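>>> based on what follows, work out the 3D shape:
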Amino acid sequence: MKLRPLVIVLALMVAACTKPNEKAEIFLNLGYEVNGKSLVTDTLYYENEAGNQFLITEIQWFLSNIELKNEASDWIMLHQPGLADTLDISRIYYIDTDIPESQTLHSSPVKVGHYTAIRFTFGLDEIDNQTGLFTDPPESEMFWPDMLGGGYHYMKLNGKYLDSEGRLAPMAIHLGIGQNEDCTEFYQNYFIVELPVDFTVKANTENQLDLTMVIDNWFRNPHTIDFNEFGSHIMQNQTAQRLLSGNGKDVFKIGKPTDNENNTIMEKDNKLAEKFKNVMRKATPKPHFWSWESVKERIGNSKIQDSKI
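I've put the predicted structure just below:
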């Protein structure tokens, strides 16, 4: 019983050291993957599900209403820093493969802690997507004609493909508001993505989260997109808009492009190999019969991971 006051004092001290309102910034890094490899632009390098060979020159797009879900199941909106007075704009991020700095989305500080999911709007919803929202380029250059519904493109994915006659033809996957044939009715084609994450925001740390667009998924699931049918001029083709929007649900994944992950593994292996060689140089007598390859094989056979060496 005499220990109880001491326990209470210690508990109060611990509580005093915690900072429940402490916040930290977040950096969301964007990447692109096609056919299991990082995007290479301006090269006829890729093939879609329909067998079309294609290249990509640029991707310009909007992400908006990015939120993180904390362990209390509350959704926390991310805002661009420095735009607190214009909250509509601060919830919208413009991304352009020709603008390297736009590939990292910087967020104002959020509460430190563990987050379990992320969700966002691909493009702009009907509330935000209003003509005149942006007055300066490059965002203003994403305008969508008023006669087609106004506002802005969700995405311009531009490139070329080999058509049925083997000639390079323009590929313009431009997503935005849809319309009927006489442009008297308009349809929203944006969609919301929610992905699980295991993401802890820490104080005094560059908290980074990676998000990858898997470009070939735009063209294959659940609808196979043939560029000979839907390659260009789809701004007035609601059928194409609807199919591509339907394919968008699995276009995004948490993490880096696949080959970037493989490169990380290779870099780790190279570092371990170099360390092994340094150890062998100092060994006496020198065991020339050992090589890094044979060591790796023995480790693999023993089911021992490199991290446990």
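>>> Pro109: what secondary structure?
The three-state label for Pro109, taken from DSSP: H, G, I helix; E, B strand; the rest coil, comes out as strand.
>>> ok, it - contacts?
23-26 (CB atoms under 8 Å, 6 or more residues apart in numbering). Just so you know, the C-beta spots here come from the backbone N, C-alpha and C atoms, and that holds for glycine as well.
>>> which residues of this protein fall in helices?
Counting by DSSP state H, the chain has helices at residues 4-17, 87-90, 227-230, 238-247, 258-282, 292-301.
>>> report the contact partners of the spatially most central residue of the chain.
Nearest residue to the geometric centre of the chain (CA atoms, centre = their mean): Leu211, 2.4 Å. Residues in contact with Leu211 (CB under 8 Å, 6+ apart) are 28-31, 118, 252-254.
>>> and it, how far from Leu195?
8 Å (CB to CB, to the nearest Å).
>>> would you list the buried entries among the contacts of Pro109?
By neighbour count, with 16 or more other CB atoms under 10 Å, the contacts of Pro109 hold 24, 26 as buried.
>>> export the contacts of Pro109 as a markdown table, with columns for pLDDT and distance to His79.
Conversion of these to a markdown table gives the following (pLDDT from 0 to 100; distance: CB to CB, whole Å):
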| residue | pLDDT | distance to His79 |
| --- | --- | --- |
| Lys23 | 95 | 12 |
| Ala24 | 96 | 14 |
| Glu25 | 95 | 11 |
| Ile26 | 97 | 10 |
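>>> which members of the contacts of Pro109 are positioned in strands?
Among those, the members falling in strands (DSSP state E) are 23-26.
>>> now tabulate those residues in JSON lines and tack on distance to Glu101.
Compiled in JSON lines, these are given as follows (distance: CB to CB, whole Å):
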{"residue": "Lys23", "distance to Glu101": "23"}
{"residue": "Ala24", "distance to Glu101": "21"}
{"residue": "Glu25", "distance to Glu101": "15"}
{"residue": "Ile26", "distance to Glu101": "16"}
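>>> show me the contacts for the closest residue to Gly149 other than its chain neighbours.
Counting by CB to CB, 6 or more residues apart in numbering, Gly149 lies nearest to Ile177, which is 3.4 Å off, once chain neighbours are set aside. Neighbour list for Ile177: 129, 144, 148-151, 186-189 [criterion: CB under 8 Å, 6+ apart].
>>> check contacts around Gly123.
Residues in contact with Gly123 (CB under 8 Å, 6+ apart) are 61-62, 64, 129, 153-155, 175-176, 189-191.
>>> for the longest strand along the chain, buried residues please.
Determined from DSSP E, the single longest strand within the chain is strand 53-70. Using 16+ other CB under 10 Å as the test for burial, strand 53-70 gives 53-56, 59-70.
>>> try stretch 137-150
139, 142-144, 149-150.
>>> can you tell me how far the nearest residue to Asp42 once chain neighbours are set aside sits from Thr41?
Excluding the flanking residues, the one nearest Asp42 by CB to CB, 6+ apart is Thr57, at 5.8 Å. From Thr57 across to Thr41, the span is 6 Å (CB to CB).
>>> how about Thr116?
Using CB to CB, one gets 34 Å for the distance from Thr116 to Thr41.
>>> cool, Glu101 as well?
Here the criterion is CB to CB. By it, Glu101 lies 17 Å from Thr41.
>>> higher neighbour count, the two?
Ranked by neighbour count (other CB atoms under 10 Å), Glu101 and Thr41 place Thr41 first, with 15 against 7.
>>> need the contact list for that one.
By CB under 8 Å, 6+ apart, the contact set of Thr41 is 55-58, 97.
>>> thank you kindly, that will do.
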